[in-house]
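> Quick one: sequence and predicted model below, then my questions.
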Amino acid sequence: MTAPDDGFEEARAKTLAAALERAPFDGWTDLMLGRAAAEAGVPRSVIAAAFPHGVEDVLSLWSEAADAAMAAKMAGPEFAALRIREKVAFAVKERISYLRPHKEAARRAAGTLALPIHAPLAARLAWKTADAIWRGLDDKSTDFNFYTKRAILAGVWTSTLARWLADDTEDEAKTDEFLAARIENVMQIEKAKAKLREAGFDPSKAVGWLAKLRYPSPNGARKRREEKIDEALEESFPASDPPYWAGGAKE
């Protein structure tokens, strides 16, 4: 939820703070929300107005606060000098840094969002985080790339978050390695897209491309087009390093 300017901001902030302390023990449930509100001194009637969708609204509020904190860090002077992959890594690490003081609450939140009933909310929050990162990168795409960039980065964020939640080492080196590998996968995808365009295939026009496969071009042009696309894919995804969604990437 994007908290409106409705006079409940203080009640939301107090309730969220109390919820983050209770969630590691009670989980993210409406019962926990009621207890957290009581501890924060917020009446039930106010909770009903401030969080009309219950604990889902509390999780949304926490996620959006984390996105805002990450965006503020990305606006710092040291961020502009970084390369694109360094900027993405910076953003993801800052997002995790915001969650770190409440890691167990984050674990319980991830478990709650993994439930089928909360799948739409989980997808929406992941999309918002990816969108916040791309906006922090000053992305101005408005075409097909607008969606593919955010969908891919949402996958990077959620998989890295899951790795961090399972990483109990002090330096979290495994999480850093995992994130670096995921970003490398993204760079490979971008290279593949560029090579495919050079081969005559625009990913944003997949329907038209499929139509060309259905109705072959004369004089062997179709066969040569397919060969060029295969070559581009092989160069971008060598057999020794398949993309992470194929299950072959190492941590």
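Okay, I see it.
> wait, isn't T15 in contact with G41?
No - T15 is beyond contact range of G41, at 9.6 Å (criterion: Cβ atoms under 8 Å). The way it works is simple: take the backbone N, C-alpha and C, and place the C-beta from them, glycine included.
> neighbour count winner among those two?
Neighbours were counted for T15 and for G41 using other Cβ atoms under 10 Å; T15 has more, 27 against 11.
> Remind me which helix or strand that one belongs to.
Applying DSSP states H and E as the criterion places T15 in helix 9-26.
> Flag every buried residue along the next helix or strand after that helix.
The helix or strand immediately downstream of helix 9-26 is helix 30-40, counting by DSSP H and E. Buried residues in helix 30-40, counting neighbours by 16 or more other Cβ atoms under 10 Å, are found at 32-37, 40.
> ok, which pair from these is furthest apart?
Greatest spacing in the buried residues of helix 30-40, by Cβ to Cβ: M32 and A40 (12.2 Å).
> So which residue is smack in the middle of the chain?
A154 (2.9 Å; Cα atoms, centre = their mean).
> thought that one was touching A126?
Yes - between A154 and A126 there is a contact under Cβ under 8 Å: 4.3 Å.
> anything in contact with each of those two?
Residues touching both A154 and A126 (Cβ atoms under 8 Å, 6 or more residues apart in numbering): none.
> if you go through this protein in chain order, where are the helices?
Ranges of helices within the chain are 9-26, 30-40, 44-50, 55-74, 84-99, 103-113, 119-136, 144-165, 173-198, 206-214, 221-236, based on DSSP state H.
> any idea which of those helices scores lowest on pLDDT?
Per-segment mean pLDDT for the helices of the chain reaches its minimum on helix 206-214, at a mean of 47.
> before we move on, back to that, ok, now which ones touch the residue nearest to the centre of the chain?
Applying Cβ under 8 Å, 6+ apart, the residues contacting A154 are 123, 126-127, 129-130.
> change it to 7 Å
A154 is in contact with 126-127, 130, counting by Cβ atoms under 7 Å, 6 or more residues apart in numbering.
> before we move on, what about S63?
L125.
> cool, and A132?
So A132 contacts 67, 70-71 (Cβ under 7 Å, 6+ apart).
> Same list, those, but as CSV with distance to A80 and neighbour count please.
Below are those laid out as CSV (distance: Cβ to Cβ, whole Å; neighbours: other Cβ atoms under 10 Å):
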residue, distance to A80, neighbour count
D67, 20, 22
M70, 16, 23
A71, 14, 16
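> would TSV of these with distance to A110 be doable?
Listed next are the contacts of A132 as TSV, based on distance: Cβ to Cβ, whole Å:
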residue	distance to A110
D67	16
M70	17
A71	22
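> Quick one: residues contacting the nearest residue to K93 once chain neighbours are set aside.
Nearest in space to K93, with sequence neighbours left out and distances taken as Cβ to Cβ, 6 or more residues apart in numbering, is L179 at 7.4 Å. Going by Cβ under 7 Å, 6+ apart, L179 touches 89, 92, 160.
> Hmm, V92 and the last one touching each other?
Spelled out, that is T160. Yes - T160 is within contact range of V92, at 5.7 Å (criterion: Cβ atoms under 7 Å).
> ok, now how distant is L113 from A130?
Going from L113 to A130 by Cβ to Cβ, to the nearest Å gives 15 Å.
> what do you get for R182?
R182 is 13 Å from A130, by Cβ to Cβ.
> ditto for I117
I117 is 23 Å from A130, by Cβ to Cβ.
> So between these two, which is more surrounded?
Per other Cβ under 10 Å, whichever of I117 and A130 has more neighbours is A130, with 22 against 9.
> who's in contact with that one?
150, 153-154, 157.
> Which of those residues has the largest number of neighbours?
Highest neighbour count within these, by other Cβ under 10 Å: L153, with 26 neighbours.
> My guess is A49 contacts F8. True?
Yes - if you go by Cβ under 7 Å, A49 and F8 touch, sitting 6.3 Å apart.
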